[in-house]
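**Student:** Compute the structure for the input listed below.
(chains A and B)
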Amino acid sequence: MEEKRIKVLIAKPGLDGHDRGAKVIALALKEAGMEVVYSGLHKTIDQIVNMAIQEDVDVIGLSIMSGAHIPLTRKLMEKLKEKGIQDKKVFVGGVIPSKDIKLLKEMGVEGVFPGGTPIDDVIEAIKASVKK
Amino acid sequence: MSSARYIKNEKDQILDVILESGIHVKPVYTPKDLEEIGFSYEEDLGDPGKYPFTRGIHPLGYRSRAWTTRQYTGFGTPKETNERFKFMISHGQTGLNVAFDLPTQMGYDSDDPMAEGEVGRVGMAVDTIRDFEIAFEGIALDRIGVGLTINAVASIILAMFQAVAEKYGYDPKTVSATPQNDILKEMIGRGAWIFPVEHGVRLVGDIIEYSMKVMPKTNPVSVCGYHIRESGATPAQEIAYAFLIAFAYIDNVCKRGYDPDEFVGGITFNFNVFGNMWEQIAKFRAARKLWARLLRERYNVKKERNLFLRGIFGGGGYGLTKAQPENNIVRGAYYALVAALSGAQTTALCSYDEAYTIPTPHSALISLRTLQILMDEAGLRDTVDPLAGSYFIETLTKQMEEKILEEMEKIEKYGGIIKAVSEGYIQRMLARQAYEIERAIERGELLKVGVNIYVEGEPKEVQLHEYNEESARMQIESLREIRRTRSSSEVKRTLKELEKATRDGKNVMPYLLECCKAYCTLGEMTNVFREIFGEFQEPSLF
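**Tutor:** Predicted structure coming up:
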């Protein structure tokens, strides 16, 4: 039986415009057979949550390079709860110090990909999370 | 990182080397290679300081003056940044390059909901001229050139800089600022754009036009191949796109009725230094030569001085790794060597901890010392363009020249740089290239020490800069204090005049200067532009 295609929103929240990593991941997930929606830059958490609802994605991947990953992710997790869609799997990638990974996971983030994470690890983690 | 591709046999002998720009490197170069490319000393090189400036723009190079060192600096409040400026200067840094936080770069005040979590994080927070008064207190603005890494709101920040210089008693004619002011590259990479392309380019033009009249020692633009390269471009594309962007700005100012000779001398560049070192050195030498030649051919520029390719060659951010971070100190030293062998007028290095966060004073100082060691210990000031005449370097320089021209032609065939950026043509291409590079690293085709060879397992912990939320709170408090105490009628009046001038298509700079003096906030001034210009709509990429 053919597996359902995983649908992912790759999102750039906040003001950070460094999008090389987000684009590389978007292309990688597409090549891995997933359906990918890319938010574009400078999106608010509200805009990202609305996109996730409209596009009915399974996974939201936040890409944050500025260091503001804690407040932005916290806000996203709260909004998802508020909208009753906390079943969406959330991943965070970017410049993330190792000491913050635990905190992000405690917020309900499925996986964290600091710079240097192999692309295939990202693909596998997303696949595994959706199968759960 | 090996940026070149190496074809090897099973004994680890190299059979072929393919540089990023597509050039194959031969095992040995001889006088025959120079013959084959029709090398001529007079036409291809000339003496240093002589057209076409391949060997450098100064006859005596670093003998007459060492490079300017300008580490990218700024965080938290203006007071903290001022202390760091003074720290770097006290250790021998000769220029400044100001890092602004993201709300400032995007035109939001520190108390705007959009700024939440970002105030003072990746750079200094700026809301009003008060912040510049603090940041530049005690800095000799007539002696220290100041790079302002600001793009979408460069007009506002430059006006603020002029206002503060005047306030501290400097004649604007004597201060040398370099606002980055390159909006087209923000749309390709880095992403700190606000307004649509045509309005963005108009503001760039306003700054160039204003600077030539009011602040003639200011370099109104620093066109950044740098971030284009960071986004996945080859060295040839880096130079090609930067030149086309520079031409777009020149065209805007020419349309206002100026002769290129009146202003092109103020256009400077920011180029990257990571990658295969020979390819980078050839890139810089080819770029100097091409820039001079193209300005003559396309714009009939006559004054020799205006043909100089000036700029900052440095950084190297993409080449640095998170794994084994101390290795980045060594990489930085090689990148700096490349910059020195290429005759950089100004330089800076990304610090070894920047794959984690913004630098600590310790890591910033190591970068500065790396640059100083080259100039004061290693002998890089001895003679100009020491690699000139090398069979290999001269062949490669000529080949790079051709590759750069080919890349320019591709974009011109597509319909020009404005179209290529507006429609996302370049962005799509670079995203694809960046993806291919990551995959090649993972397959081990491009070697990266500590990443795919000589791996050590668990990363070492390094001492990192800590974001201070208290700074953000203090910044917001000080902004509120200004809002309470300034003359609101002056604010209203100057903003209204700015609005009218913007709508009427006048040069906005004199109006921004009045706004700054009245303590209008960055957000208030940006909102005037936002209302009139709207916002850039990112082309869809996937």
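**Student:** Now do the same contact list for the most centrally placed residue in chain A.
**Tutor:** The residue lying closest to the centre of chain A (CA atoms, centre = their mean) is residue A:61, at 1.0 Å. Each residue near residue A:61 by CB atoms under 8 Å, 6 or more residues apart in numbering or on different chains is listed here: A:8, A:9, A:10, A:11, A:22, A:25, A:90, A:91, A:92, A:93, A:126. Any C-beta I mention is one placed from the backbone N, CA and C, and that applies to glycine too.
**Student:** any chance of these in TSV, plus neighbour count, distance to residue B:539 and pLDDT?
**Tutor:** Below are those laid out as TSV (neighbours: other CB atoms under 10 Å in any protein chain shown; distance: CB to CB, whole Å; pLDDT from 0 to 100):
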residue	neighbour count	distance to residue B:539	pLDDT
A:8	27	20	98
A:9	25	18	98
A:10	28	16	98
A:11	28	17	98
A:22	26	15	97
A:25	26	19	98
A:90	23	27	98
A:91	22	25	98
A:92	27	26	98
A:93	23	23	97
A:126	24	26	98
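**Student:** among those, which are in strands?
**Tutor:** A:8, A:9, A:10, A:11, A:90, A:91, A:92, A:93 (DSSP state E).
**Student:** my read: the second one touches residue A:51, true?
**Tutor:** Yep, that's residue A:9 we're talking about. Yes - with contact defined as CB atoms under 8 Å, residue A:9 counts as touching residue A:51 (5.8 Å).
**Student:** Quick check: neighbours shared by those two?
**Tutor:** In contact with both residue A:9 and residue A:51: A:37, A:39, A:57, using CB under 8 Å, 6+ apart.
**Student:** The second one and chain B, how far apart?
**Tutor:** Between residue A:39 and chain B the computed distance is 10 Å (CB to the nearest CB, to the nearest Å).
**Student:** Nearest spatial neighbour of that residue, chain-adjacent residues omitted?
**Tutor:** residue A:11 (4.1 Å; CB to CB, 6 or more residues apart in numbering or on different chains).
**Student:** Spell out which residues sit in contact with that neighbour, please.
**Tutor:** Residue A:11 touches A:39, A:43, A:48, A:51, A:60, A:61, A:62, A:63, counting by CB under 8 Å, 6+ apart.
**Student:** What's the separation between it and residue A:61?
**Tutor:** Taking CB to CB, to the nearest Å as the measure, residue A:11 falls 7 Å from residue A:61.
**Student:** about what we covered before: among the shared contacts of residue A:9 and residue A:51, which one lies nearest to residue A:4?
**Tutor:** residue A:57 (12.4 Å; CB to CB).
**Student:** from memory the closest one sits against residue A:88, does it?
**Tutor:** Yes - the criterion here is CB under 8 Å, and residue A:57 meets it with residue A:88 at 6.7 Å.
**Student:** Distance from the chain centre to stretch B:294-307, please.
**Tutor:** Mean-position distance between stretch B:294-307 and its chain equals 22 Å (CA atoms, centre = their mean, to the nearest Å).
**Student:** From the opening residue of it to its closing one, how far?
**Tutor:** Distance across stretch B:294-307, first residue to last, is 9 Å (CA to CA, to the nearest Å).
**Student:** what's the model's confidence in that stretch, averaged?
**Tutor:** Stretch B:294-307 carries an average pLDDT of 98.
**Student:** bridging residues for the most centrally placed residue in chain B?
**Tutor:** In chain B, the centroid-proximal residue (CA atoms, centre = their mean) is residue B:270; its distance is 3.7 Å. Per DSSP bridges, the residues bridged to residue B:270 are residue B:224, residue B:312.
**Student:** need the contact list for it.
**Tutor:** B:180, B:182, B:222, B:223, B:224, B:225, B:226, B:311, B:312, B:315.
**Student:** Switch those residues over to a markdown table; also include pLDDT, distance to residue B:66 and neighbour count.
**Tutor:** Compiled in a markdown table, those are given as follows (pLDDT from 0 to 100; distance: CB to CB, whole Å; neighbours: other CB atoms under 10 Å in any protein chain shown):
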| residue | pLDDT | distance to residue B:66 | neighbour count |
| --- | --- | --- | --- |
| B:180 | 98 | 23 | 29 |
| B:182 | 98 | 26 | 30 |
| B:222 | 98 | 20 | 27 |
| B:223 | 98 | 24 | 27 |
| B:224 | 98 | 23 | 31 |
| B:225 | 98 | 24 | 29 |
| B:226 | 98 | 22 | 30 |
| B:311 | 97 | 16 | 27 |
| B:312 | 98 | 14 | 28 |
| B:315 | 96 | 19 | 27 |
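**Student:** what's the pLDDT at the residue in chain B that chain A sits nearest to?
**Tutor:** Per CB to the nearest CB, residue B:191 is where chain B lies closest to chain A, at 1.8 Å. Looking at residue B:191, its pLDDT is 97.
**Student:** Next, count neighbours for the closest residue to it other than its chain neighbours.
**Tutor:** Excluding the flanking residues, the one nearest residue B:191 by CB to CB, 6+ apart is residue A:17, at 1.8 Å. Using other CB atoms under 10 Å in any protein chain shown, residue A:17 is surrounded by 23 other residues.
**Student:** Isn't residue A:17 up against residue B:186?
**Tutor:** Yes - judged on CB under 8 Å, residue A:17 makes contact with residue B:186 at a distance of 7.0 Å.
**Student:** which neighbours do the two share?
**Tutor:** Listed as contacting both residue A:17 and residue B:186 by CB under 8 Å, 6+ apart are B:192, B:193.
**Student:** wait, isn't residue B:471 in contact with residue B:81?
**Tutor:** No - with contacts counted by CB under 8 Å, residue B:471 stays clear of residue B:81, the gap being 10.0 Å.
**Student:** neighbour count winner among the two?
**Tutor:** residue B:81 (27 against 22).
**Student:** residues in contact with the more buried one?
**Tutor:** Going by CB under 8 Å, 6+ apart, the list of residues near residue B:81 reads B:73, B:74, B:75, B:98, B:124, B:135.
**Student:** need those residues in a markdown table with neighbour count and pLDDT, can you?
**Tutor:** Converted to a markdown table, the contacts of residue B:81 look like this (neighbours: other CB atoms under 10 Å in any protein chain shown; pLDDT from 0 to 100):
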| residue | neighbour count | pLDDT |
| --- | --- | --- |
| B:73 | 24 | 97 |
| B:74 | 27 | 97 |
| B:75 | 22 | 96 |
| B:98 | 27 | 98 |
| B:124 | 28 | 98 |
| B:135 | 27 | 98 |
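**Student:** Mind checking which of the residues you listed are in helices?
**Tutor:** With DSSP state H as the criterion, helices contain residue B:135 from among the contacts of residue B:81.
**Student:** could I get the contacts of residue B:81 as JSON lines with distance to chain A?
**Tutor:** Formatted as JSON lines, the contacts of residue B:81 follow (distance: CB to the nearest CB, whole Å):
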{"residue": "B:73", "distance to chain A": "16"}
{"residue": "B:74", "distance to chain A": "14"}
{"residue": "B:75", "distance to chain A": "10"}
{"residue": "B:98", "distance to chain A": "17"}
{"residue": "B:124", "distance to chain A": "14"}
{"residue": "B:135", "distance to chain A": "20"}
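**Student:** Burial check on residue 54, number of neighbours?
**Tutor:** All of this refers to chain A. Neighbours around residue A:54, by other CB under 10 Å: 10.
**Student:** switch to chain B, that's the one I care about
**Tutor:** 28.
**Student:** quick one: terminal-to-terminal distance for stretch B:414-431?
**Tutor:** Stretch B:414-431: ends 18 Å apart by CA to CA.
**Student:** For that stretch, which residues meet the burial criterion?
**Tutor:** B:417-418, B:420-422, B:424-431 (16 or more other CB atoms under 10 Å in any protein chain shown).
**Student:** Much appreciated, bye for now.
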